[in-house]
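Chemist: Here is a sequence together with a model predicted from it:
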Amino acid sequence: MTATSSDTSKSDTRPPGIEAVDAALRSGTDSGRIPGAVGAAADSNRVLYAGASGYSNVESKTPMAVDSIGLIASMTKPITSVAAMQQVEQGRIELDGLVADYLPRFADVQVLEGFDARDKPVLRPPASPVTVRQLLTHTAGYVNEIWDSNAVRYARLGYVPSRLQGGAGFLMAPLAFDPGTSWRYSISTDVLGVLVEQVSGLPLDEYFRKHIFDPLEMRDTFFRAPEDRRPRIATVYARRPDGRLQPTPGSRAGNTFLSGGGGLMSTVGDYVRFMRALLRGGELDGHRILESATVETMGRNHIGRIVASGPERTAVPELSNDFGLVPDADNRFGLGFLIFGKDRPGGHSAGTLTWGGLYNTYFWIDRSRDLCGVLLTQVLPFYDTEVLQLYGRFERAVYGAFRPGRRQEPESPP
């Protein structure tokens with residue numbers, strides 16, 4: 001079952017290949033291996049495609065819809081990064097300013113080297129203090145306990161609350177390496193969200209609404225879903241070791257902590273508006289959220305010769321598989337985005353901005369070919385092979401329909 005809508009479908013002639021986009025989306029759900037999926041694509045001028053396939057709730061046979069709402073988790077990070085860069089533009093934050101100058105409680109952060117024979121943490125001062133730029137690039141020294149066994153151990157021993165408890169205490173976790181020396185996926189953007197709140201004087205939900213969501217008319221993006229939106233929230237399914245899917249309890253509960261690193265829920269329609277604003281240099285429909293020079297700065301490499309690819313080994317397998325962020329020796333990181341280092345045959349260009357979310361949501365912003373796309377599923381654990389294969393097929397089909405001309409390769413996971 002697939003529902004589609006696109007600006008081009010309103011005319012008598014649909015672009016050659018658009019049926020392949022429909023088919024790509026269906027390919028993940030018709031087999032039942034993925035409960036439901038929503039995909040959308042756009043260029044800087046218009047939405048080119050939006051479609052949904054499968055079910056938002058399998059048990060009730062509720063169809064997935066183009067306006068179904070899903071937890072986007074770490075796809076919150078680019079939005080928080082835009083908020084931080086707005087504050088940079090206004091002079092309230094300096095990119096190379098010290099985080100502790102804005103948030104004194106982070107002044108005494110230590111580096112966790114391991115544990116001694118008595119299970120006591122071995123800590124030392126970092127070689128240099130953490131900067132705002134390092135928070136934006138995941139080079140601050142922080143990690144995420146889902147992918148770090150030492151961080152899990154530190155929390156289990158009671159030295160800091162676990163992030164999985166839902167509060168903000170995990171923000172006081174130690175670093176895992178000296179700032180600026182490596183890249184690790186991390187809680188840095190959660191700290192960045194607290195920084196935005198501090199310098200703006202607004203809670204993060206109010207800040208997002210006033211400075212990003214309202215200007216971009218993102219009406220279905222929030223930390224906590226209003227009552228009238230909750231029927232549209234898709235159920236999260238966990239893939240068991242035998243491949244079967246099981247609905248997870250509480251997947252409609254929303255979030256209690258305003259996590260700049262992963263707290264939002266949204267629709268593909270809303271997220272496309274966010275991406276289109278970045279394709280257009282920070283402006284959409286007459287509303288500007290960033291200066292074009294700032295968008296260009298965000299899309300440049302800010303980690304030098306450090307490679308942004310992982311691998312990240314899971315410490316919580318029920319939430320994530322091991323992942324490598326599309327391993328590539330040329331991948332780098334901008335201010336809030338992974339930057340692909342190479343062209344993908346039949347797909348994105350080198351320099352494309354991308355990121356994903358824990359519940360297997362993924363997006364790309366290809367500025368050189370003026371094309372962006374997003375895929376939303378609600379499946380755990382992260383980096384699910386079935387969803388990755390669907391994402392690859394969806395991306396290639398989108399490029400085939402709207403930016404033809406690249407040689408198509410045999411299908412393989414991205």
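Modeler: Received the coordinates, thanks. Numbers count the residues shown, from 1 in each chain.
Chemist: ranges for the helices of the stretch 301-414 of the chain?
Modeler: Assigned by DSSP state H, counting those that start in this stretch, the helices in the stretch 301-414 of the chain fall at 385-402.
Chemist: Where does pLDDT dip in it?
Modeler: For the stretch 301-414 of the chain, the stretches with pLDDT under 70 are 325-329, 405-414.
Chemist: what's the answer for the chain, then?
Modeler: Those would be 1-14, 250-255, 325-329, 405-414, if you go by pLDDT under 70 across the chain.
Chemist: Grab the nearest non-local neighbour of the residue nearest in space to the middle of it.
Modeler: With distances taken as CA atoms, centre = their mean, the chain has residue 75 as the residue nearest its mean C-alpha position (2.2 Å). Ranked by CB to CB, 6 or more residues apart in numbering and with sequence neighbours excluded, the top spatial neighbour of residue 75 is residue 357, at 4.3 Å. For the C-beta atoms, the positions are set from N, CA and C on the backbone; glycine is no exception.
Chemist: The one you found: neighbour count?
Modeler: 23 (other CB atoms under 10 Å).
Chemist: For it, give me its contacts.
Modeler: 71, 72, 73, 74, 75, 76, 262, 382 (CB atoms under 8 Å, 6 or more residues apart in numbering).
Chemist: Kindly report the same for residue 356.
Modeler: By CB under 8 Å, 6+ apart, the neighbours of residue 356 are 74, 75, 362, 363, 382.
Chemist: Swap in 6 Å and give it another go.
Modeler: For residue 356, the contact set (CB atoms under 6 Å, 6 or more residues apart in numbering) comprises residue 362.
Chemist: So in terms of bridging, what pairs with it?
Modeler: Counting by DSSP bridges, residue 356 forms beta bridges with residue 362.
Chemist: before we move on, the earlier item: assign a three-state SS to the residue nearest to the centre of the chain, would you?
Modeler: helix (DSSP: H, G, I helix; E, B strand; the rest coil).
Chemist: Skip ahead from the longest strand anywhere in the chain and say which helix or strand is next.
Modeler: In terms of residue count, the longest strand belonging to the chain (DSSP state E) is strand 47-57. Counting by DSSP states H and E, the next helix or strand C-terminal to strand 47-57 is strand 62-63.
Chemist: Pull the distance from that following strand to the chain's centre.
Modeler: Mean-position distance between strand 62-63 and its chain equals 25 Å (CA atoms, centre = their mean, to the nearest Å).
Chemist: List the neighbouring strands of that strand plus their orientation.
Modeler: In its sheet, and by DSSP bridges, strand 62-63 pairs with strand 47-57 (antiparallel).
Chemist: any idea where the helices of the stretch 101-250 of the chain begin and end?
Modeler: Going by DSSP H, counting those that start in this stretch, the stretch 101-250 of the chain shows helices at 132-137, 149-156, 188-200, 204-208, 214-216.
Chemist: Quick one: these as a markdown table, columns for distance to residue 60 and mean neighbour count too.
Modeler: As requested, those are exported to a markdown table (distance: least, CB to CB, whole Å; neighbours: other CB atoms under 10 Å):
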| stretch | distance to residue 60 | mean neighbour count |
| --- | --- | --- |
| helix 132-137 | 41 | 25 |
| helix 149-156 | 35 | 17 |
| helix 188-200 | 34 | 23 |
| helix 204-208 | 30 | 20 |
| helix 214-216 | 32 | 16 |
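Chemist: Dump these to a markdown table, plus distance to residue 333.
Modeler: Converted to a markdown table, the helices of the stretch 101-250 of the chain look like this (distance: least, CB to CB, whole Å):
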| stretch | distance to residue 333 |
| --- | --- |
| helix 132-137 | 5 |
| helix 149-156 | 20 |
| helix 188-200 | 11 |
| helix 204-208 | 22 |
| helix 214-216 | 24 |
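Chemist: out of those helices, nearest to residue 299?
Modeler: Ranking the helices of the stretch 101-250 of the chain by their distance to residue 299 (criterion: CB to CB) puts helix 132-137 first, at 12.3 Å.
Chemist: in the stretch 251-400 of the chain, which spans are strands?
Modeler: For the stretch 251-400 of the chain, applying DSSP state E, counting those that start in this stretch gives strands covering 265-266, 283-284, 287-288, 332-333, 338-339, 353-357, 361-366, 371-376, 379-380.
Chemist: Now do the fifth one: everything it contacts.
Modeler: Just to be clear, that refers to strand 338-339. For strand 338-339, the external contacting residues (CB under 6 Å, 6+ apart) are 308, 332, 354, 355.
Chemist: List the contacts of the third one.
Modeler: Right, residue 354. 338, 364.
Chemist: Would you mind measuring from it to residue 338?
Modeler: Distance of residue 354 to residue 338, given as CB to CB, to the nearest Å: 5 Å.
Chemist: follow-up on the earlier one: please identify the most buried of the strands of the stretch 251-400 of the chain.
Modeler: strand 371-376 (a mean of 28; mean count of other CB atoms under 10 Å).
Chemist: That one pairs with which strands, parallel or anti?
Modeler: Strand 371-376 has the following sheet partners, assigned by DSSP bridges: strand 36-42 (antiparallel), strand 361-366 (antiparallel).
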